[in-house]
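Q: coords please:
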Amino acid sequence: MSKKQAEICEGSILGFDFGLRRIGVAIANSVTRQAQALTIIHGESNEAKFQAIEKLIVEWQPVLCVIGLPMHPDGVAHEMTARCTRFANQIEGRYAVPTVLVDERYSSAVIAHQRGEHIDDQAAALILQQYFDTV
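A: Residues are numbered from 1 along each chain as shown. So this is what the prediction gives:
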């Protein structure tokens, strides 16, 4: 457990499954530690996506944001790894909310077997639950 994870205050935590077309969002409380799918953000531009994220930040006042970090199955980084890291840095910079990156290698694949539609919010819930299971 990192120092950042150990210092988390009680409150709401948002989870994100970042994608270029959609961003899945989940919500949990640090006390109950039960993640739930919240919404899927669609936006034509990055600014539109960040406006939607800002509304969620204002509404839920999270003490932490957990972002899924995609990697190849062998753990090697790829283009989306860097994009997700940048996304986490933007969340911290724009909204002054700390972020934690969580390995998401199989979250979308697990959910995809359950449903045939967009599953980004469910993947975000799984990522957030994985965070709770490791702290």
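
Q: all strands for this protein, in order.
A: For the chain, the strands defined by DSSP state E occupy 12-17, 22-29, 36-42, 64-69, 99-103.

Q: Return the longest helix in the chain, judged by number of residues.
A: Secondary structure of the chain per DSSP state H: the longest helix is helix 79-95.

Q: between it and strand 64-69, how many degrees?
A: Interaxial angle of helix 79-95 relative to strand 64-69 (axes from the mean of the first three to the mean of the last three C-alpha atoms, to 10 degrees): 160 degrees.

Q: and helix 79-95, which residues are buried?
A: 80, 84, 85, 87, 88, 91, 95 (16 or more other C-beta atoms under 10 Å). Any C-beta I mention is one placed from the backbone N, CA and C, and that applies to glycine too.

Q: how about low-confidence regions in this structure?
A: 1-8, 106-118 (pLDDT under 70).

Q: Name the residue closest to the centre of it, please.
A: residue 16 (1.9 Å; C-alpha atoms, centre = their mean).

Q: Tell me who's in contact with it.
A: The contact partners of residue 16, by C-beta atoms under 8 Å, 6 or more residues apart in numbering, come to 23, 24, 25, 26, 65, 66, 67, 68, 87, 91, 124, 127.

Q: Top of those by number of neighbours, please.
A: residue 124 (33 neighbours; other C-beta atoms under 10 Å).

Q: right, and that one touches residue 13 too?
A: No. Counting by C-beta atoms under 8 Å, residue 124 does not reach residue 13; the two are 11.2 Å apart.

Q: picking up where we left off before, okay if I get the buried residues of helix 79-95 as CSV plus distance to residue 135?
A: CSV is the format used below for those (distance: C-beta to C-beta, whole Å):
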residue, distance to residue 135
80, 24
84, 19
85, 20
87, 21
88, 17
91, 19
95, 21
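
Q: Out of those, the closest to residue 45 would be?
A: Using C-beta to C-beta, residue 87 comes nearest to residue 45 of these, at 14.4 Å.

Q: now the closest one: how far from residue 32?
A: To residue 32, residue 87 is 26 Å away according to C-beta to C-beta, to the nearest Å.

Q: Pull the contacting residues for the residue lying closest to residue 25 once chain neighbours are set aside.
A: In space, and not counting its chain neighbours, residue 25 is closest to residue 38: 4.6 Å by C-beta to C-beta, 6 or more residues apart in numbering. Neighbouring residues of residue 38 by C-beta under 8 Å, 6+ apart: 14, 25, 26, 27, 56, 121, 124, 125.

Q: Right, I'll leave it there.
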